[in-house]
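K.L.:
Pasting the sequence and the predicted coordinates here, then a few questions.
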Amino acid sequence: MAHATTQHQRLAVICGASAGIGRAAAIELARQGWAVALIARSTTGLAAALEEITVCGGNALALPADVTDASQVEAAAARAETTLGPVDLWVNAAMVTVFGPAAALTPSEIHQVTGVTYLGTVHGTLAALRLMQPRNRGTIIQVGSALSYRSIPLQAPYCAAKFAVRGFTDALRCELIHERSGIRLTMLQLPAHNTPQFDWGRNRMSQRAQPVPPIHTPEVAARAIAKIALDPPREYWLGKATLQAIVGNMVLPGVLDRLLAARAWQGQLTSEPASPGPDNLFEPVEGVHRTAGRFGDRAQDHALGLRATAVRAAIAGLMLVLLLLAGAVGAVLG
């Protein structure tokens, strides 16, 4: 059962906390002494996450809400503060996706992916700001993806939503800087993870979906969230694949278009035929909420993590060195 936080216990609100990375983050933060408020659509999924946290001695509160409904998110945020105290950290991790070519999708499917993955993040961010602004402190983490920089085939609505999250976040960050706000805003760009997304995501293909390797455990992302919660950078890039995708797209976007057209289509599909069954696009699939998916034997429990500013500084330094070398060679040859 949840109880009010002490003056030494920080409070984190996690959207998308019933499964996958959101649930892993809630568990990791609870283990590190945070009180956690869990927001998701599924009451049974939230109950399972709540039990997992309380068994470990954590302080948690389940708050059923659909992130596509701003009023539900606002009500959940208010209850979190009333029950547990001031919110120090807000994590937006709720998402849904559809696997399939864009031309095969319906407008309602695209609308729902956008509503959960993009607008859900916006609703969570606005709710967090209304709580944090009077105190002029707090941290908001947007759980992003390498796909917020480099889109791939068969997930156009999800990629677009992640691009939109990055655009919204960058604009809001400028506003917070302009206002000299003490609120910190950061975005975590992730590689592929072994979550239930590939088990219950809507699939328009004839084969089962899979993450594009290398695959990481949800705990890798959870530890990164806990880390940047205490020292938030502008952006944090997790995993070598994320670094390669973002930097590669900066340098050779056309080459990546053709490379992904050749490899990422089949790379997201297994040899197994797709099995009919419920998906979680419009409604939660009850009874199967968990942290990890079915690729545990291929998932790595570690990943390189880099602040985006450090990567960009290194690239700028390398370019400067190359320019100086080119100048020196030109002087010698001249």
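P.N.:
Done, it's in. Residues are numbered from 1 along each chain as shown.
K.L.:
quick one, strands of the stretch 101-250 of the chain?
P.N.:
Remark: strands of the stretch 101-250 of the chain, listed N- to C-terminal, are 138-143, 183-189, 192-193, 202-203, 207-209, 215-216, 235-238; assignment by DSSP state E, counting those that start in this stretch.
K.L.:
Can you lay out those strands as CSV showing mean neighbour count and mean pLDDT?
P.N.:
C-beta here means a position set from N, CA and C on the backbone, and glycine is covered the same way. Formatted as CSV, the entries for those read as follows, by neighbours: other CB atoms under 10 Å; pLDDT from 0 to 100:
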stretch, mean neighbour count, mean pLDDT
strand 138-143, 24, 98
strand 183-189, 23, 98
strand 192-193, 26, 98
strand 202-203, 20, 97
strand 207-209, 19, 97
strand 215-216, 25, 98
strand 235-238, 26, 97
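K.L.:
nearest to L105, of the ones you listed?
P.N.:
L105 lies closest, by CB to CB, to one member of these: strand 202-203, at 9.1 Å.
K.L.:
helices or strands up against the closest one?
P.N.:
Applying 3 or more CB pairs under 8 Å, 6 or more residues apart in numbering; DSSP states H and E, one finds that strand 202-203 makes contact with strand 98-99.
K.L.:
go with 10 Å
P.N.:
Applying 3 or more CB pairs under 10 Å, 6 or more residues apart in numbering; DSSP states H and E, we find strand 202-203 packed against strand 98-99, helix 107-113.
K.L.:
picking that back up, distance to H3 added to the strands of the stretch 101-250 of the chain, as TSV?
P.N.:
Written out in TSV, the entries for these read as follows (distance: least, CB to CB, whole Å):
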stretch	distance to H3
strand 138-143	21
strand 183-189	26
strand 192-193	32
strand 202-203	39
strand 207-209	41
strand 215-216	34
strand 235-238	32
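K.L.:
And those: which comes nearest L172?
P.N.:
strand 183-189 (6.2 Å).
K.L.:
Please indicate which of the helices and strands packed on strand 202-203 has the most neighbours on average?
P.N.:
Counting by mean count of other CB atoms under 10 Å, strand 98-99 has the highest mean neighbour count of these, with a mean of 24.
K.L.:
Name the residue closest to the centre of the chain, please.
P.N.:
To find the centre residue of the chain, average its C-alpha atoms and take the closest one (CA atoms, centre = their mean): that gives V143, at 2.4 Å.
K.L.:
Which residues are in contact with that residue?
P.N.:
V143 makes contact with 14-16, 20-22, 25, 91-95, 121, 162, 165, 187-190, 221, 224-225, according to CB atoms under 10 Å, 6 or more residues apart in numbering.
K.L.:
and G57, which of the three is it?
P.N.:
Of the three states, G57 takes coil under DSSP: H, G, I helix; E, B strand; the rest coil.
K.L.:
any weak-confidence spans in the stretch 201-334 of the chain?
P.N.:
The stretch 201-334 of the chain contains residues with pLDDT under 70 at 311-334.
K.L.:
give me that answer again for 80
P.N.:
Screening the stretch 201-334 of the chain residue by residue with the criterion pLDDT under 80, one finds the ranges 308-334.
K.L.:
how many neighbours does F163 have?
P.N.:
18 (other CB atoms under 10 Å).
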